[in-house]
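> please work out how this folds:
(2 chains)
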There are 2 protein chains.
Amino acid sequence: MPKQFHDQVLSADSLDQIFREARSYNGWLDKEVTDDQLHAIYELMKMGPTSANMQPARIVWVKSDEAKARLVDRVSDGNKDKVKAAPVVALVGYDIDFHEELPWLFPHTDAKSWFDGDEQGRKEGAFRNSSLQGAYLIIAARALGLDTGPMSGFDADAVEKEFFGDNPKHKVNFICAIGYGDKASIFDRSPRPEFDKFNRIA
Amino acid sequence: MPKQFHDQVLSADSLDQIFREARSYNGWLDKEVTDDQLHAIYELMKMGPTSANMQPARIVWVKSDEAKARLVDRVSDGNKDKVKAAPVVALVGYDIDFHEELPWLFPHTDAKSWFDGDEQGRKEGAFRNSSLQGAYLIIAARALGLDTGPMSGFDADAVEKEFFGDNPKHKVNFICAIGYGDKASIFDRSPRPEFDKFNRIA
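Residues are numbered from 1 along each chain as shown, chains lettered A, B, ... in the order given. Model prediction:
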C-alpha cells in the first residue's frame, strides 16, 4: 500500500526550494552536474503521472563540449550563451509511437489498441504528457538542489535531425538548462496573477 | 535576490510525498477540500515557470454538487464515478489569446508582438505551457497533503461549452480530481522505465 501524507504540508523551505524562490536562470556557475545527478532527476520525474503511464518523454542530456557545440548552432541567438555556459541542457523530446511500449508500461489492459491507427491522438497525447514530464523534470531538479532554465527558442527540425536520429516519430518539445544558477544572471521575478484573475470555483 | 538551495536535497519524506509514494487515485475519502486549499494550490503552481511568463492556464475548480452533476454528464463512462466521488475536479483549461495579458505579465519587453497574428504558435504555446501548469498543480496539491487523479476521458467540446463560456479561444487541456485518496481504489503501481531505456547522455 502507498504511504499517504494527508494534510501534511512540506516545510516552508521545501516549498521555497521547488516553487516560491526557484527561478529560471540565464547564467550558470562553473560547477559540474554529474551523471549521477541526471539519473537522480530521472528517477524522481519518472514517478510523476502520465496518461495510461505512457511515459512519452525521450531525453537527450547534452553535457559534453562536443555535443554542446552542436546544440549551440541550433538554438536562437538569444540562447547561445545560455547553452554554452550551462553544465547540462536536457532536450525534452517525445516519441509519437509511444504506444508500442504500452504492453509493458501499462500491463493490466490493452492500452496499445486505444492508440493504434490514431496518429493525431498520439501526437496530442505525447505532446501533453511529455510537457507534464518536462515540468516534473524541472521540479525534480530543484528538489535535488539544482536550478533550471527552460527554453523554447531553437530550430526544432535541426535539433531533431541532430539529436533524435532523424526519426520522424521523435520530436523535441522544449529544452532545459540544468546547473547551479548565477544570481547575477536574473532580473526581478515577473508578476504572478491573483487567483480571481484566471480561476473560478464552480 | 532569490534564496538558493544549491545541493540541498528535500527530505526523503518530502520526495516520497510529491513523487515516489504519490499515486493517481480513482476513489476518494468523504472529506472536504476547502476553497482556501484551492487558493493555496494556485499560489504555489503560479510560481512555476512558463515561457515568457505566459501563464495560459484558466482553471475552473468544480466543487458544488450542481456543477459536478453538469461535469459528470460530460465525462466518459469510466470517469463518472470518479468525478462524483471527488471533492473537487479542476478543469485545466487555457486561453489561446493569452498574449493579450503579456504587457503586464512580462513587462520588461513587448512579448505580445511575438504572438500577434500567429494563432498556430499561440495554440502550441498555450497547450505546452498549460500542460506544465497542470503538472505544477499536481505537485502543488501533493505538497500540501492532498492527492490527485488526472483524467483525459471527457467530451472536450461539451466541457468547453458548459464551463468555459463557449468562447472559441478557451480550450480544456485535461481535468484533475483533488481530494484525499482512498487506498482501496488503486492497484499496484505501473512499471517505470530504467534510465537507459528512454534517456541518453551526449
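> residue A:58: how many residues sit nearby?
Here the number of neighbours of residue A:58 (other Cβ atoms under 10 Å in any protein chain shown) works out to 27. C-beta here means a position set from N, CA and C on the backbone, and glycine is covered the same way.
> just the helices in chain A please.
Using DSSP state H, the helices of chain A run over residues A:12-15, A:35-45, A:65-72, A:77-85, A:102-105, A:112-115, A:119-143, A:156-163, A:195-198.
> and the ones you listed, which is most packed in?
When you average the neighbours per residue for each of the helices of chain A (mean count of other Cβ atoms under 10 Å in any protein chain shown), helix A:119-143 leads with a mean of 23.
> and it, what does it pack onto?
Where contact means 3 or more Cβ pairs under 8 Å, 6 or more residues apart in numbering or on different chains; DSSP states H and E, helix A:119-143 is packed against helix A:35-45, strand A:57-62, strand A:88-95, helix A:112-115, strand A:147-151, strand A:170-179, helix B:119-143.
> apply 6 Å and report the result again.
Packing partners of helix A:119-143 (3 or more Cβ pairs under 6 Å, 6 or more residues apart in numbering or on different chains; DSSP states H and E): helix A:35-45, strand A:88-95, strand A:170-179, helix B:119-143.
> can you redo the ones you listed as JSON lines with mean pLDDT and distance to residue B:7?
Shown next, in JSON lines, are those (pLDDT from 0 to 100; distance: least, Cβ to Cβ, whole Å):
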{"stretch": "helix A:35-45", "mean pLDDT": "98", "distance to residue B:7": "9"}
{"stretch": "strand A:88-95", "mean pLDDT": "98", "distance to residue B:7": "15"}
{"stretch": "strand A:170-179", "mean pLDDT": "98", "distance to residue B:7": "12"}
{"stretch": "helix B:119-143", "mean pLDDT": "98", "distance to residue B:7": "21"}
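> nearest to residue B:182, of the ones you listed?
Checking the helices and strands packed on helix A:119-143 against residue B:182 by Cβ to Cβ gives helix B:119-143 as the closest, at 15.9 Å.
> run the angle between the closest one and strand B:57-62 for me.
50 degrees (axes from the mean of the first three to the mean of the last three Cα atoms, to 10 degrees).
> what's helix B:119-143 in contact with?
Around helix B:119-143, the neighbours that count as contacts under Cβ atoms under 6 Å, 6 or more residues apart in numbering or on different chains are A:10, A:128, A:131-132, A:135-136, A:139, B:17-18, B:22, B:41, B:44-45, B:48, B:50-51, B:54, B:56-57, B:92, B:94, B:96, B:98, B:115, B:148, B:173-174, B:178.
> residue A:81: which of the helices and strands packed on helix A:119-143 is closest?
strand A:170-179 (10.9 Å).
> who does the closest one pair up with?
Taking DSSP bridges as the criterion, strand A:170-179 sits next to strand A:88-95 (antiparallel), strand A:147-151 (antiparallel) in its sheet.
> just those strands: most buried one?
Highest mean neighbour count among the strands paired with strand A:170-179 (mean count of other Cβ under 10 Å): strand A:88-95, with a mean of 26.
> how about chain A, which residue sits the furthest from its center?
The outermost residue of chain A, judged against the average C-alpha position, is residue A:202 (31.8 Å), by Cα atoms, centre = their mean.
> distance of that one relative to residue B:133?
Between residue A:202 and residue B:133 the computed distance is 19 Å (Cβ to Cβ, to the nearest Å).
> next: residue A:116.
In this view, residue A:116 and residue B:133 are 31 Å apart by Cβ to Cβ.
> same check on residue A:35?
From residue A:35 across to residue B:133, the span is 30 Å (Cβ to Cβ).
> same question for residue A:195.
According to Cβ to Cβ, residue A:195 and residue B:133 sit 14 Å apart.
> one more: residue A:181?
22 Å.
> same thing with residue A:75?
Residue A:75 is 24 Å from residue B:133, by Cβ to Cβ.
> ditto for residue A:66
Taking Cβ to Cβ, one finds residue A:66 at 35 Å from residue B:133.
> what's the answer for residue A:130, then?
From residue A:130 to residue B:133 the distance is 15 Å (Cβ to Cβ).
> likewise residue A:190?
According to Cβ to Cβ, residue A:190 stands 15 Å off from residue B:133.
> done for today, thanks.
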